[in-house]
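# Structure here, sequence nowhere to be found:
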């Protein structure tokens, strides 16, 4: 009885509408549009040119067209991004390859789903007056880092490859004040600054400097910036996250087509940015927003690259065990990927989803 009453009511209502239609023109009712799906993305730092594709997607309507309401958030402390994503405080975040691998070792259910910057930005930076032409010239010099363990490991690898001992170089923690420490003469060089940012800034200021990316100094190449999410979020919000990644791809395509126009939403979001610096940084970074192998799509994550870098971390004491890459990274959410043979999207437990067709293991 309780099920039949609404049906009878609906039938009567339809009959009434039908009779009314005989005497007058029916009014067409548009189908209601579902509300956009909300997603939050925690940046790795304050909004800057590295994030230009995200802000371009927001500014040119790519997120809206994808049925998304995306909140781009700035972290209070960049070191807490992965912890906040792991704790469910944000749906997605932007982080760094070594941080993702370390988080996996510590049991955080975090997976990288897209590469944003596909090669190292971290560099050894010195002013010409320091006389550091090769890594061997670091002997007796003072190098400032941000106090991050993997930066110390970078420096140790660099000096060892140059035939020196770590004790031959004095290392001091200058926090995020790398540029000011260099320009003030507090240090002879820094390791941790980005070639696309600090390197460009030095050039615009007419300061003669030597800027060498770490992958040219003996460190295996890696993805500098990656988009990450918790495994259960990837499962629960799969459709929305696929649409977000596609829209961000479109955002970076817009920036590549017209860097100046693509930067406008970013500059509107962060009015403290220097437009000249941001534009020049963007132009110099365009190539590394895409994989070196142009047959691969934007955002591609190479298992071989990650395996080589993870092995280097293991050999240098940054990891204590092998990290299964099938749960640490996936390209499954990229446009054109993710369906059919070999799909390995992690399930809510963080394990590869073995129930999907074509699963073959690692």
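Great, that's in hand. These numbers come from a predicted model, not from an experiment.

# And the nearest residue to residue 88 once chain neighbours are set aside, how far from residue 317?
Excluding its sequence neighbours, the residue lying closest to residue 88 (Cβ to Cβ, 6 or more residues apart in numbering) is residue 230, at 6.9 Å. (Each C-beta comes from the backbone N, C-alpha and C, glycine too.) Per Cβ to Cβ, to the nearest Å, residue 230 is found 27 Å from residue 317.

# Pick out whichever of these two has more residues nearby.
A count of neighbours by other Cβ atoms under 10 Å puts residue 230 above the other of residue 230 and residue 317, at 24 against 10.

# in what helix or strand does residue 111 lie?
Element membership for residue 111, per DSSP states H and E: strand 110-117.

# For the next helix or strand after that strand, give me every contacting residue.
Per DSSP H and E, the first helix or strand lying C-terminal to strand 110-117 is strand 122-127. Outside strand 122-127, the residues within contact range by Cβ atoms under 8 Å, 6 or more residues apart in numbering are 132, 135, 143, 151, 154, 158, 178, 182-183, 188-195, 198-199, 202, 207-214, 217, 224.

# re earlier: who does the residue nearest to residue 88 bridge with?
residue 110 (DSSP bridges).

# Same check on residue 125?
Beta-bridge partners of residue 125, as defined by DSSP bridges: residue 190, residue 211.

# Could you pull up the residues touching the residue most central in space within the chain?
The centroid of the chain falls nearest to residue 226 when counting by Cα atoms, centre = their mean (2.8 Å). Neighbouring residues of residue 226 by Cβ under 8 Å, 6+ apart: 94, 95, 96, 97, 100, 112, 113, 114, 115, 116, 301, 329.

# The fourth one - nearest residue in space that isn't next to it in sequence?
Read it as residue 97. residue 222 (4.3 Å).

# Please parse this structure into its domains.
The chain is divided into the following domains under automatic domain parsing: 37-118+224-328, 122-216.

# and these as a markdown table, adding mean pLDDT?
Converted to a markdown table, the domains of the chain look like this (pLDDT from 0 to 100):
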| stretch | mean pLDDT |
| --- | --- |
| domain 37-118+224-328 | 96 |
| domain 122-216 | 97 |
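
# how about those in TSV, adding distance to residue 337?
Formatted as TSV, the domains of the chain follow (distance: least, Cβ to Cβ, whole Å):
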stretch	distance to residue 337
domain 37-118+224-328	7
domain 122-216	26
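
# Could you say which one of these comes nearest to residue 334?
Shortest separation from residue 334 across the domains of the chain is recorded for domain 37-118+224-328, at 4.8 Å, computed as Cβ to Cβ.

# The stretch 201-350 of the chain: strands as residue ranges?
Per DSSP state E, counting those that start in this stretch, the stretch 201-350 of the chain carries strands over the ranges 209-213, 225-230.

# out of the ones you listed, deepest packed?
Stretch with highest mean neighbour count among the strands of the stretch 201-350 of the chain: strand 225-230 (a mean of 25; mean count of other Cβ atoms under 10 Å).

# From the chain's centroid, how far away is that one?
5 Å (Cα atoms, centre = their mean, to the nearest Å).

# what angle sits between it and strand 110-117?
160 degrees (axes from the mean of the first three to the mean of the last three Cα atoms, to 10 degrees).

# Does residue 72 touch residue 51 like I think?
Yes. Residue 72 is within contact range of residue 51, at 7.4 Å (criterion: Cβ atoms under 8 Å).

# what do the two both touch?
What both residue 72 and residue 51 touch, as defined by Cβ under 8 Å, 6+ apart, is the set residue 43.

# thinking again about what came up before, do you know which of the domains of the chain lies nearest residue 335?
Comparing the domains of the chain by Cβ to Cβ, domain 37-118+224-328 comes nearest, at 5.0 Å.

# and which of the contacts of residue 226 is nearest to residue 264?
Nearest to residue 264 among the contacts of residue 226, with distances taken as Cβ to Cβ, is residue 116, at 19.6 Å.

# Check whether that closest one really touches residue 291, as I assumed.
No. At 11.4 Å, residue 116 and residue 291 do not qualify as touching, with contact defined as Cβ under 8 Å.

# For the two, work out which one has more neighbours and name it.
The residue with more neighbours, out of residue 116 and residue 291, is residue 116; 23 against 19, by other Cβ under 10 Å.

# any idea how far residue 156 is from the more buried one?
From residue 116 to residue 156 the distance is 27 Å (Cβ to Cβ).

# Tell me the spacing between the residue nearest to residue 88 and residue 83.
11 Å.

# now residue 70
21 Å.

# what's near enough to touch the residue nearest to residue 173 when sequence neighbours are not counted?
Distances taken as Cβ to Cβ, 6+ apart put residue 147 closest to residue 173, at 3.6 Å, once the chain neighbours are dropped. For residue 147, the contact set (Cβ under 8 Å, 6+ apart) comprises 173, 174, 175.

# likewise residue 86?
Residue 86 touches 103, 108, 109, 110, 230, counting by Cβ under 8 Å, 6+ apart.

# Throw those residues into JSON lines and include distance to residue 34, thanks.
As requested, those are exported to JSON lines (distance: Cβ to Cβ, whole Å):
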{"residue": "103", "distance to residue 34": "34"}
{"residue": "108", "distance to residue 34": "32"}
{"residue": "109", "distance to residue 34": "29"}
{"residue": "110", "distance to residue 34": "29"}
{"residue": "230", "distance to residue 34": "24"}
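
# Out of the residues you listed, who's the most crowded?
residue 110 (27 neighbours).

# Isn't that one up against residue 229?
Yes. With contact defined as Cβ under 8 Å, residue 110 and residue 229 form a contacting pair (7.5 Å).
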